[in-house]
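>>> Take a look and give me a structure for this.
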Amino acid sequence: MIHTKHLPTSVKEVETLDWDYIDVILLSGDAYIDHPSFGAAVIARTLEAAGYRVAVIPQPNWRDDLRDFRKLGTPRLFFGVTSGNMDSMVNHYTANIRLRSDDAYTPGGKAGFRPDRAVTLYTQILKREFPHIPVIIGGIEASLRRLTHYDYWSDSLRPSVLIESGADALVYGMGEKTVLGVAKAFRNGYNNKLLRKLRGVAFVDSLDYVARIENPLMLHSHGKCLESRRAFGENFTRVETESNRLEQARLIVEQQTADKYVIVNPPHMNLTQKEIDAPYDLPYTRLPHPRYAKKGAIPAYEMIKNSITIHRGCFGGCSFCTISAHQGKFIRSRSEKSILGEARAITAMKEFRGNLSDVGGPTANMYRMGGRDHEICCKCARPSCLFPRICSNLDNNHEPLLELYRKIQAVGGIKHIYIGSGIRHDLFEDEKYLRDVVVNHTSGRLKVAPEHTEDHILKLMRKPSFEAFERLNASFDRICRDNGLKYQIVPYFISGHPGCSEDDMKALSRRTRRLNINLEQVQDLTPTPMTLSSVMFYCGFDPYSGKRLFTARNQDDKRRQKSYFFATY
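So this is what the prediction gives:
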């Protein structure tokens, strides 16, 4: 369904609606794009559908007299704060901590419209300007900083973003269901007791409150982690192991500040099909706000405007990836009815020309996959269902996904379906899925992520042997020859991962050139919070085995490693 109007972003737009109050005001580091691929829009429309009046303040100016923060007045319930679809530090800086010159989530791709650590700064400003109004933080930046974490940009351990920002609560993960609970808790005034019972919420409280919690998982204190890298590594393994369970305990971390503890409630795990579909079935304009009409295209929107998300979560468990920490390991797939409804909505868009740019998710090919025996999954805490080998309980049948492609293709007005998400190449055992994607759903370039060529690095990354990619590459070439296609496979590789030396990068360079692979999709590792790779980078050892690892921490070392992507022999 297509909505005809955006939510208000200015006093004039609020007055046009004849509102005498606003329930929730959302602040975002992104431009306001009313599309289900943008978290702020999803949360706003979810609250609106529940009967709340919601307004959005996109990219508020933090450098002037702060009028943007005050312009819509005081919300009846709370302020919601997010950095946007990206972590603001990842958005701002390269892996070598050099300032980027562009921002894909801003009109014209212009940089400079959001601050560093946007969640923290926005919240601090709101708490000064509106000291008695609750501020709830969420989105990827807040979610991955909910506990003590390594911050690559300051090369230090930082406490929970709740402590640094002063926010009243944090909604982590995909927060539609949780934010409705928050709104309900505030409907008749700030109900602290109800808020603290919500799943998917983190908050700060005292030792007296902690003492009343049954069976919590007590982690090393923030102070202990500052003193001991071993303690920090142990915290990570305990948190990651717990996050991979179907039923999880409450996590508690003592902070340095006197009598302050961060409590992280378990997430929502058993969502119904209706709950999974709900945010995507809401009406959106699927467009940037009209305020940007003369300010240039928004690159991130142009890339995804004709795409469809078909599932959430990823059971790949890659060491450097934040998806499982944010969206969870267990796959939650949308119904065919919901997906086909969105496909029809896209065809109704004025500028749609018949091509869907992507039908996928965090990984292109995990739709409707999971454990065959639910009881086995309940006992399991593996971070990956694929590494070191595919779980015998995993149902990795691609037929439901292939059938979905066929049904979307049959929707009137759709000419082509392209798969823009990366394909997990160790997930299918025969060529049927690959052949269908290459022949019918590739625009000429197939994205795959082997990440490295050397086995000891791949094990640290929780990725399959490079031989799996070599087999895929051979199958890809054969399918292209059989069908007269001059397509290109686009592999992704990473340099600078913990355990990786210059010799390993030399080996990667030689091995890929023997395959005549053009290395264009490459990157130096950016250690992001709540990933195993970031913990190894900071600690200098694998927190699971205790084995010490060489780590290219010096920026010159990191640049030299990356240079081997472009070396010739």
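>>> in stretch 60-67, what counts as buried?
For stretch 60-67, the neighbour count (16 or more other C-beta atoms under 10 Å) marks 60, 62 as buried. Where you see a C-beta, it was placed from the backbone N, CA and C, and this is true even at glycine.
>>> err, stretch 511-521, not the other one
Neighbour-count burial for stretch 511-521 [16+ other C-beta under 10 Å]: 512, 517, 519.
>>> which SSE is the second one in?
Read that as I517. Here I517, judged by DSSP states H and E, is contained in no helix and no strand.
>>> which helices and strands does the helix or strand of the chain with the lowest mean pLDDT pack with?
Ranking every helix and strand in the chain by mean pLDDT, DSSP states H and E puts helix 192-195 at the bottom, with a mean of 88. Other helices and strands packing on helix 192-195, by 3 or more C-beta pairs under 8 Å, 6 or more residues apart in numbering; DSSP states H and E, are helix 176-185.
>>> So which residues make contact with the helix it packs on?
23-24, 42-43, 46-47, 50, 52, 77-78, 80, 136, 138, 169, 171, 191, 194-195, 198-201, 268, 271, 275, 278-279 (C-beta atoms under 8 Å, 6 or more residues apart in numbering).
>>> Write the ChimeraX selection for whichever of the residues you listed are buried.
What follows is the ChimeraX syntax selecting those of the contacts of helix 176-185 that are buried according to 16+ other C-beta under 10 Å:
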select :23,24,42,43,46,47,52,77,78,80,136,138,169,171,195,198,200,201,268,271,278,279
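>>> Among the contacts of helix 176-185, which lie within helices?
42-43, 46-47, 194-195, 275, 278-279 (DSSP state H).
>>> Can you tell me the element I252 falls in?
Here I252 is assigned to strand 251-254, by DSSP H and E.
>>> Restricting the selection to alpha carbons, write the helix or strand just after that strand to PDB.
Remark: after strand 251-254, the chain's next helix or strand is strand 261-264, criterion DSSP H and E. Provided in PDB are the C-alpha atoms of strand 261-264 (Å, rounded to 0.1, in the frame of the first residue of the first chain):
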ATOM      1  CA  TYR A 261      24.300  -1.200  36.500                       C
ATOM      2  CA  VAL A 262      23.400  -1.700  32.900                       C
ATOM      3  CA  ILE A 263      20.600  -4.300  32.600                       C
ATOM      4  CA  VAL A 264      19.900  -5.800  29.100                       C
END
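>>> could you give me the average pLDDT of stretch 108-116?
Stretch 108-116 shows a mean pLDDT of 97.
>>> any idea how far that stretch is from the chain center?
20 Å (C-alpha atoms, centre = their mean, to the nearest Å).
>>> which residues are in contact with that stretch?
29-31, 59, 62, 83-84, 88-89, 91-92, 99-103, 106, 121-122, 153, 295-299.
>>> Identify those among those that sit within helices.
88-89, 91-92, 121-122, 299.
>>> Of the buried residues of stretch 511-521, which is the nearest to H398?
Checking those against H398 by C-beta to C-beta gives I517 as the nearest, at 25.2 Å.
>>> Name the nearest residue to the closest one, ignoring sequence neighbours.
P491 (6.1 Å; C-beta to C-beta, 6 or more residues apart in numbering).
>>> Q255 too?
Nearest to Q255 is H222, by C-beta to C-beta, 6+ apart, at 5.1 Å.
>>> Can you list the helices and strands that the lengthiest helix in the chain packs against?
Determined from DSSP H, the single longest helix within the chain is helix 466-482. With contacts taken as 3+ C-beta pairs under 8 Å, 6+ apart, helix 466-482 sits against helix 432-440, strand 445-451, strand 488-495.
>>> That helix relative to strand 488-495, how many degrees between them?
Orientation note: helix 466-482 sits at an angle of 160 degrees relative to strand 488-495 (axes from the mean of the first three to the mean of the last three C-alpha atoms, to 10 degrees).
>>> which parts of helix 466-482 are buried?
Quick answer for helix 466-482 (16+ other C-beta under 10 Å): 466, 469, 472-473, 475-476, 479-480.
>>> Turn those into CSV, including pLDDT and distance to A507.
Listed next are these as CSV, based on pLDDT from 0 to 100; distance: C-beta to C-beta, whole Å:
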residue, pLDDT, distance to A507
F466, 96, 10
F469, 95, 14
L472, 95, 20
N473, 95, 17
S475, 96, 24
F476, 96, 23
I479, 97, 28
C480, 97, 27
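>>> and which of those is nearest H311?
Using C-beta to C-beta, the buried residues of helix 466-482 come closest to H311 at L472, 21.8 Å.
>>> OK, contacts around the closest one?
Taking C-beta under 8 Å, 6+ apart, one finds 425, 434, 448, 489 in contact with L472.
>>> May I ask which of these has the most neighbours?
The most crowded member of the contacts of L472, judged by other C-beta atoms under 10 Å, is H425 (23 neighbours).
>>> Excluding residues flanking it in the chain, which one is nearest that residue?
L472 (4.6 Å).
>>> pLDDT at the residue nearest to I517, what is it?
Reading off the model, P491 has pLDDT 93.
>>> That one touches F469, doesn't it?
Yes - contact criterion C-beta atoms under 8 Å: P491 and F469 qualify, at 6.8 Å.
>>> what touches both of the two?
448, 450.
>>> isn't V135 right up against L170?
No - contact criterion C-beta under 8 Å: V135 and L170 do not qualify, at 10.1 Å.
>>> Tell me, how many residues neighbour the nearest residue to R250 once chain neighbours are set aside?
Closest residue to R250 apart from its sequence neighbours, by C-beta to C-beta, 6+ apart: P216 at 4.8 Å. The number of residues packed near P216 is 15, by other C-beta under 10 Å.
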